[in-house]
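# need coordinates for the following:
(one chain, ligands or ions: 2)
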Amino acid sequence: KQDDDQLIIDAGQKQFGATNCGSCGMVYSADNPEDNFQHTQFHQRFLDSIKFVGWKKERVVAEFWDGKILLVMPDDPKYAVKKADDVRRVADNELGFQQLTLSRPTQSKTYLFINTERMVVGCLVAEPIRQGYRVLEQPDRHKDMMKDDFMERHRAWCCSTVPEQALCGISRIWVFSLARRQGIATRMLDTVRSSFMYGSHLTKEEIAFSDPTPDGKQFATKYCNT
Ligand code: ACO
Ligand code: ZN
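Residues are numbered from 1 along each chain as shown. Ligands and ions are numbered 1, 2, ... in the order given. Modelled structure (predicted):
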């Protein structure tokens, strides 16, 4: 495993321009010493943060062929809460969130997607809320105008102005860059809907995303309309 990682980095150093590390996913310029240094600093710390050694007690809420989803609650053993915090910090760092505290730490539930290589590749923080702003679908005539990707990603985001009743707020959702577009976020949200409130299954309308990023918006629109 260690040798594989090394091989990818060595190969990267021989080429100019952007390199994508095959282990940590960082995109950097391999021929730039400063960039190389930044990558070395980041690489091991990141892999340590998402490494999952296995716990004595695991609250498994879903299982798949390529991994499982664990639920971590605020009153769980320290090692579990610490891992959830570490991964959330990684996600916050990538999202550029400055504030590292949650708005309602005692009521938040953290869902971690663990893959078969024992890495935490997905993290979702859900909190109970009373109301949220529903994401509105773009009218079709607007879609025609959104030919290029830039327009698509930077279009004005339409949210309803009337707060509507919602029960579950998604304050963070993050998937490891090298594990995206494999349905991990979708499966984490499906799992939230069936496990967030004991004894009831939440509809897509009862879920609200707080302050989504462009990636988050694209995902949320797709998820809510399908
Ligand atoms: N661009 C366009 N469509 C997308 C994107 C994207 N970046 N991401 C997801 N979708 C759509 C696709 O239609 C996709 O289906 P397809 O792959 O069959 O086309 C569908 O949503 C389902 O996607 P998943 O595979 O379930 O999503 P993924 O596991 O890749 O995770 C996420 C999506 C969480 C947004 C990921 O890209 C990520 O972590 N990004 C960086 C962090 C971030 O921005 N998180 C959202 C912050 S907002 C908040 O936390 C409330
Ligand atoms: Zn790396």
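# dump the residue contacts of the spatially most central residue of the chain.
Nearest residue to the geometric centre of the chain (C-alpha atoms, centre = their mean): residue 174, 0.7 Å. Taking C-beta atoms under 8 Å, 6 or more residues apart in numbering, we find residue 174 in contact with 87, 90, 91, 94, 95, 122, 123, 124. C-beta: built from backbone N, CA, C; applies to glycine.
# name the helix or strand for it, please.
Assigned by DSSP states H and E, residue 174 belongs to strand 168-175.
# now swap in residue 88 and tell me
With DSSP H and E as the test, residue 88 turns up in helix 78-95.
# run through who's touching the next helix or strand after that helix.
Remark: after helix 78-95, the chain's next helix or strand is strand 109-115, criterion DSSP H and E. Strand 109-115 has contacts (C-beta under 8 Å, 6+ apart) with 52, 61, 66-73, 83-84, 87-88, 120-127, 175, 179, 184, 187-188, 191-192, 196.
# and residue 208, bridged to which residues?
Note on residue 208: beta-bridge partners by DSSP bridges are residue 169.
# how close does it get to residue 201?
Residue 208 sits 17 Å away from residue 201, going by C-beta to C-beta, to the nearest Å.
# which one of the two is surrounded by more residues?
Taking neighbours as other C-beta atoms under 10 Å, residue 208 and residue 201 compare with residue 208 leading, 22 against 11.
# about what we covered before: quick one: the helix or strand following the strand holding residue 174 near ligand 1?
Tracing the chain past strand 168-175, the next element assigned as helix or strand by DSSP H and E is helix 184-195. Yes - taking C-beta under 6 Å from any ligand atom as the criterion, helix 184-195 and ligand 1 are in contact, through 184, 185, 186.
# ok, those residues vs ligand 2, which is closest?
Minimum distance to ligand 2 across those is 20.0 Å, recorded for residue 184 (C-beta to the ion).
# wait, that closest one sits on residue 121?
Yes - applying C-beta atoms under 8 Å, one finds residue 184 in contact with residue 121, separated by 6.4 Å.
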